[in-house]
Structure formats: structure tokens, C-alpha cells
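S.K.: Need a 3D model of the sequence below.
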Amino acid sequence: MTADEFALAATTNDLTREPKARENADLIEFRMDSAEEPIEQLRNYDGELPILATNRSRWFGGEAADRGRLDQLMAAAEFDAVERVDVELETARGMEWVLNEFREQGVELVISFHEFEETPDQATLDAIIAECDRYGDIAKVATYANDRSDCLRVLTAIDTATRNGIRAAGIAMGELGSHTRIIGPLYGSKLGYAPLESDTSDYAPGQVSLYRLDSLIEMIRESGKSTRLLRELDEEYPTQQEVTQTE
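M.R.: Down below sits the predicted model:
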């Protein structure tokens, strides 16, 4: 897995489930904030997939308490299996010194921005990605799609960032944004996230299960913008008009 390649992360809070993800995932996003004894899990981990450690606070859609959250993430970075850690843009802004400590552990920094109600305008979104890139190695944005234009802005931002030499990842959350998880790699997105089939209700809205997402991305790689692919996406992920009509 090189710096320019797309990597699909299987999201889980239970590292014993790693074998179920090996066939479809390139790494594990370990959600420490919802895991039981996360450091002990890391200590006992003998899986094959590298780990992206995430310890999201309640402020950013997770379950971790603020006290000790970064200390726990730092402890995770000491394990050889942990190759990347996720740090929120807001945290990077306020505690830039901690980023140097992570780098001393030899891990890559995914600097992430989340907006759970809307998608910023294009200029703002581009600026956010550029700022994430300034602090870290991969700039990740996840925003909420209220209409199809929100999805287009996310994809445009990822495409622009990629053309500018930024390693970026982006998704539009919500049912309307589900297809951005599938076609994001076509626009240069470097990271994708998907839970195992039984965990789809536990994470962000609009999630696609790991096996399904891997299959659809592989279909894109093989057939590009074929009529068959577009028809399947249209059938599985409704347009805004169709969603409105069924509400």
C-alpha cells in the first residue's frame, strides 16, 4: 500500500474481528472510543492488517471522554501495528504540539474534519482540506449531504486537492451521500471506511458494508462508467427526488 493508493478501512471496535475483514480491507480503523479495554486489545493484537487508531470525543461524533483521550491515542501509537492515527482538525489547531509527539512514534496523521448537518460551500471546503493537509499526512473531510449539489462539492474538493498534490479523503454522509463512498476513489480519495455487515447501524449515516463497498469499488475499477454500474448505483442509492417522495 503506497502513499498514492486508495486504502479501504474496516471500521470496528473489536480487533478480534480482524480476520473477517482481511479479504476486503487494507487496514482496520480501530474505534477506541467505543471499544472495551482498547489498549489491552492492541497489546493482544496479532492480526495481519495495519491499524488506523481513532479515539473520537463526543464533540466529534464519538464516545470518548475528553480527559485522557489523547493520552490513550498516544499509547496506541506506540504499538507497531498502529501505522496511522486520526486527529480532529479542531484538536490539531488547539494542540499542535501533540502532532509532533505522534510523528516521533512514526505514525501517519489523518487530520479529519466532520460536519454532521451540512456541507460547507466550495471555497470553505477547499480551505478546510488545505488546512488539514498543513497539519497532517492525509486530509479527511466528512460532511452531511442535504442535496446532490453537496455530494458534488465534496467530490470536487477531493479532485481539486488531489490535483494540487494533497493526499485527501472525503465522503458525504447520509443516504444521499452514500454513492460518494463508492466513487470517491475515482476523484482521488485515498481512504474509504466501511463497517462489517453486522455493524452498519453503529456508525455514520449512509454507511455501506465492507463487502459491498469493496465489491462496488472493484466494479468501478474494472468497468469504469459503464451503463450497468450506473444503473446499479441508481437502483440502490435513491436520488433526492425519490427520497422526498418516500418520506
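
S.K.: which element follows the longest helix anywhere in the chain toward the C-terminus?
M.R.: In terms of residue count, the longest helix belonging to the chain (DSSP state H) is helix 148-163. The helix or strand immediately downstream of helix 148-163 is strand 168-173, counting by DSSP states H and E.

S.K.: Relative to that next one, what are the paired strands and their orientations?
M.R.: With DSSP bridges as the test, strand 168-173 is paired with strand 138-144 (parallel).

S.K.: In the chain, which residue is most central in space?
M.R.: Tyr193 (4.6 Å; Cα atoms, centre = their mean).

S.K.: helix/strand/coil for that residue?
M.R.: What DSSP: H, G, I helix; E, B strand; the rest coil gives for Tyr193 is strand.

S.K.: Return the residues in contact with the nearest residue to Glu18 once chain neighbours are set aside.
M.R.: Leaving aside its sequence neighbours, Glu18 sits nearest to Gly47 (Cβ to Cβ, 6 or more residues apart in numbering; 3.6 Å). Yep, even glycine has a C-beta here, placed from its N, CA and C like the rest. Gly47 makes contacts with Leu15, Glu18, Pro19, Arg22, Ile28, Ala81, as judged by Cβ atoms under 8 Å, 6 or more residues apart in numbering.

S.K.: Equivalent analysis for Gln72, please.
M.R.: Per Cβ under 8 Å, 6+ apart, neighbours of Gln72: Met32, Pro38, Ile39, Asn55, Ala64.

S.K.: Do you know the pLDDT at the third one?
M.R.: In this model, Ile39 is scored at 97, pLDDT.
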